[in-house]
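# Could you work out the structure for the sequence below:
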Amino acid sequence: MEQSAPRVGEADRSQLQLRPFDLDSTIPHDHRARLLWRAVETLDLSAFYERIKSRVGTAGRPPGDPKVFVTLWLYATMDGVGLAREVERLCTEHRAYWWICGGVAVNYHTLSDFRVDHGNALDELLTQTLAVLMERTRMGSDEGQAIYKERAQLSERVNADVRTYRTMNRMLVRGAGKVLCVALWNALALNLMRWFALASSS
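So this is what the prediction gives:
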């Protein structure tokens, strides 16, 4: 029997808020949060949706859309934010984070769990973003060849980027699996920042 589609709480930026403005007008059209959202929309997130138990036609409150959580953690990682409680606070106080949430309720428990529970899916996203970077730079070019060579040194680059730009001198989680997930988030964020840089220069 074919499984029905997953039920998730999707971002809806057209809905009225208690705040005196609509969500979609809170950030400029060229804001990095919008760029990141569009980039995430191009990725295959099926591995995240497959784990959702809530399905169309079944009872129960649906969980937040994985697309929202992926974008939140990537945006937070780019900002050098590594604590789920801090991301939760930003989701109530920072306009870019409001916009990403799109009315989807988040808390530090769900943020923390999502961050460290999707190792295989994150690894697949990393492969996807690497593929996009290599295609954008055309592997025959000098820059493309440089990106290909960097793949073998990815763990070193992620560690340096975390220390230098993300203001994280140590991992804030315990356990090899969780540390790997955090490292993958940072690698994804690094890839997407390079993706944006390539897009703006083309």
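# what about the residue lying closest to Gly57 once chain neighbours are set aside, helix or strand, and which?
Once flanking residues are discounted, Gly57 sits nearest to Ser4: 5.5 Å by C-beta to C-beta, 6 or more residues apart in numbering. C-beta here means a position set from N, CA and C on the backbone, and glycine is covered the same way. In the assignment (DSSP states H and E), Ser4 maps to no helix and no strand.
# thought Ser4 was touching Ile52?
No: if you go by C-beta atoms under 8 Å, Ser4 and Ile52 don't touch, sitting 10.9 Å apart.
# For the chain, give me the ranges with low pLDDT.
1-2, 15-21, 133-174, 201-202 (pLDDT under 70).
# Quick one: the helices in it, in order.
32-41, 46-49, 66-78, 84-93, 95-101, 108-116, 119-136, 142-150, 154-164, 176-201 (DSSP state H).
# one step back: with neighbour numbers in mind, choose between Ser4 and Ile52.
Ile52 (15 against 10; other C-beta atoms under 10 Å).
# domains in this structure, as residue ranges please.
What automatic domain parsing lists as the domains of the chain is 23-116, 119-201.
# Adding distance to Glu10 as columns, could you present those in a markdown table?
Shown next, in a markdown table, are these (distance: least, C-beta to C-beta, whole Å):
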| stretch | distance to Glu10 |
| --- | --- |
| domain 23-116 | 5 |
| domain 119-201 | 19 |
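# for the helices of the chain, which one ends up most surrounded?
helix 66-78 (a mean of 24; mean count of other C-beta atoms under 10 Å).
# outside of that helix, which residues touch it?
8, 10-11, 32-33, 36-37, 40-41, 43, 45, 48-49, 52, 82, 86-87, 90-91, 96-97, 100-102, 104, 106, 110-111, 114-115, 125, 166, 185-186, 188-189, 192-193 (C-beta atoms under 8 Å, 6 or more residues apart in numbering).
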